[in-house]
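[1] Quick one: sequence plus predicted model below, questions after.
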Amino acid sequence: MKVRISAWAIRNPTPVAILFIALTIWGAMSYFSLPIKHFPNVNFPAVSVSVTQSGAAAPEIENQITRPVENALATVQHVKHIYSSVTMGASNTQLEFDLGTDMQKATDDVRTAIDRVRPNLPSTIDAPQIVRLDVDAAPILTYAVSSPNMTPTDLSWFVDDTVATSLQALKGVAQVSRVGGVDREIQVSLDPLRMAAEDVTAPQINKALTTFNLDATGGRANIGGQEQTVRVLGSAETVARLRAMTIPVNGRYVRLADVADIGDGAAEVRSFARLNGRPVVAFQVNRVKEASDVSTEKFVKAKVAELAKAHPDIAINEVISTVKETRESYAETVHVLIEGMGLAALVVFLFLRNIRATLVAAIAMPLSLAPTFGVVMLLGFSLNVITLLGLTLVIGILVDDAIVEIENIEKRIERGAT
């Protein structure tokens, strides 16, 4: 039995009209809910392994770290290529896997291989950093923070404590990282002459700081019939208490202030940020992989404006925004899509000289396009240059099909069909 869908639809227009109205509404609602990104979610099958050793020369890094790491990683399955780069004090090895590899399992295998070779590496290296390469991990917004009334240490703490805490609570924000600035540091400067007079050595002072300046758990205790947790609070809350800390030396105690100068200052500057030649503290905002670039930028800008209003003595300036390019690309693609549908309808009218045929083609394009956005949402895709370009190309195919159908209908009408 042949199923004549077109004939059935012509004889029963009401359910078909209701179906297309429902699909159009569903597609329109999906369109406004879809995330807008510059590129689709792309997972490159690559893992990076970084090992640092402060002060080590490049030949030492290559022989003692890079080669053992490469030999260990060569046993990992589905590895396509291994690339390594060696610089002063750092070794970076990248592994490229075959397409379709389970990257979670591959990352775990790399981590296991590094743990296995770790005893053969120098004991002075820092903990190896194993990171899966992610294109979406790049920051979308960068701001510069400056204030004439705050020190670099206070400004850095403002970014870490106030700005980062406020922005990370926003929808779509994955991470807020500081660039430049300095951390607060309590500096203990030993005086060799006073240490010799008190018969104190540097290892004794270091052991005392490590042992006594520490908060630790103290087990459990039954108090009033209830079990409570006991804590041992040994860390100094102020610089004055740290100065008063005593060091056991041969049956007697020596105050830390008697053999060292203790000051509240800034740590060594390891990175910096400049805006128009002036030192500033910057921060970068990374979005969640599934979040929309445009909506995340909107939330962040609103919160930054709120922070700037609450702290008028602090200037927060936007420096870099990759979302602007995304927004412009999206608007341009949508413009091309609408323009293509309009020109297609115009071409149909110019060649067929038939208002009814033109209306059929003009209405068929948006009615066919709208439900597509619902399917895009169901499949977990986003509105980006790839999906919108695909829709733009499909419009041309849709117009070709519509013209063929219209021509076939007109031909049958000319032959006397109703």
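    Great, that's in hand. Predicted, not measured: the structure shown is a model, and the values here were computed from it.

[2] where does the stretch 251-400 of the chain dip in pLDDT?
    Within the stretch 251-400 of the chain, the ranges that satisfy pLDDT under 70 run 266.

[3] Quick check: next helix or strand after the helix or strand where residue 26 lies?
    Residue 26 belongs to helix 13-33 when elements are defined using DSSP states H and E. Counting by DSSP H and E, the next helix or strand C-terminal to helix 13-33 is strand 46-52.

[4] And that next one, how far out from the chain middle?
    18 Å (Cα atoms, centre = their mean, to the nearest Å).

[5] strands paired with that strand, and their directions?
    Each strand paired with strand 46-52, and its direction, by DSSP bridges: strand 90-97 (antiparallel), strand 129-132 (antiparallel).

[6] what residues does the first one touch?
    Counting by Cβ atoms under 8 Å, 6 or more residues apart in numbering, strand 90-97 makes contact with 45-53, 61-62, 65-66, 69-70, 73, 76, 78-86, 103, 106, 110, 133, all of which sit outside it. Bear in mind the C-beta positions are built from the backbone N, C-alpha and C, glycine included.

[7] To what extent is residue 51 buried, counted in neighbours?
    For residue 51, the neighbour count with other Cβ atoms under 10 Å is 25.

[8] so who does it touch?
    By Cβ under 8 Å, 6+ apart, residue 51 lies in contact with 65, 69, 90, 91, 92, 121, 125, 126, 128, 129.

[9] ok, and the most crowded of these?
    Scoring the contacts of residue 51 on neighbours with other Cβ under 10 Å, the highest-scoring entry is residue 91 at 27 neighbours.

[10] For that one, give its distance to residue 116.
    Counting by Cβ to Cβ, to the nearest Å, the separation of residue 91 from residue 116 is 17 Å.

[11] With residue 104 instead?
    Residue 104 is 19 Å from residue 116, where distance means Cβ to Cβ.

[12] now residue 73
    Distance from residue 73 to residue 116, by Cβ to Cβ: 10 Å.

[13] The two: who's more crowded?
    Higher neighbour count among residue 73 and residue 116: residue 73, with 21 against 11, using other Cβ under 10 Å.

[14] thinking again about what came up before, make JSON lines from the contacts of residue 51 and add distance to residue 208 to it.
    Below are the contacts of residue 51 laid out as JSON lines (distance: Cβ to Cβ, whole Å):
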{"residue": "65", "distance to residue 208": "34"}
{"residue": "69", "distance to residue 208": "38"}
{"residue": "90", "distance to residue 208": "34"}
{"residue": "91", "distance to residue 208": "36"}
{"residue": "92", "distance to residue 208": "39"}
{"residue": "121", "distance to residue 208": "31"}
{"residue": "125", "distance to residue 208": "28"}
{"residue": "126", "distance to residue 208": "26"}
{"residue": "128", "distance to residue 208": "32"}
{"residue": "129", "distance to residue 208": "32"}
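
[15] Most widely separated two among those?
    Farthest pair in those (Cβ to Cβ) is 92 and 121. Separation: 14.6 Å.

[16] how about the strand or helix carrying residue 165: buried residues?
    Following DSSP H and E, one finds residue 165 within helix 164-168. By neighbour count with 16 or more other Cβ atoms under 10 Å, helix 164-168 contains the buried residues 164, 166, 167.

[17] show me the contacts for the last one.
    The neighbours of residue 167, taking Cβ under 8 Å, 6+ apart as the test, are 173, 176, 285, 300, 303, 304.

[18] Quick check: the gap between the last one and residue 165.
    When distances are taken as Cβ to Cβ, residue 304 and residue 165 turn out to be 13 Å apart.

[19] what do you get for the fourth one?
    Taking Cβ to Cβ as the measure, residue 300 and residue 165 are separated by 14 Å.

[20] likewise residue 57?
    Distance from residue 57 to residue 165, by Cβ to Cβ: 41 Å.

[21] Next: residue 189.
    Taken as Cβ to Cβ, the span from residue 189 to residue 165 is 33 Å.

[22] ditto for residue 180
    In terms of Cβ to Cβ, residue 180 sits 19 Å off from residue 165.

[23] cool, residue 7 as well?
    Taking Cβ to Cβ as the measure, residue 7 falls 65 Å from residue 165.

[24] Then residue 65?
    Taken as Cβ to Cβ, the span from residue 65 to residue 165 is 37 Å.

[25] so where is the stretch 1-150 of the chain shaky, pLDDT-wise?
    Ranges of the stretch 1-150 of the chain meeting pLDDT under 70: 1-3, 135-137.

[26] burial count for residue 256?
    Count around residue 256 with other Cβ under 10 Å applied: 23.

[27] mind listing what it touches?
    Residues in contact with residue 256 (Cβ under 8 Å, 6+ apart) are 188, 205, 208, 242, 243, 244, 245, 246, 247, 262.
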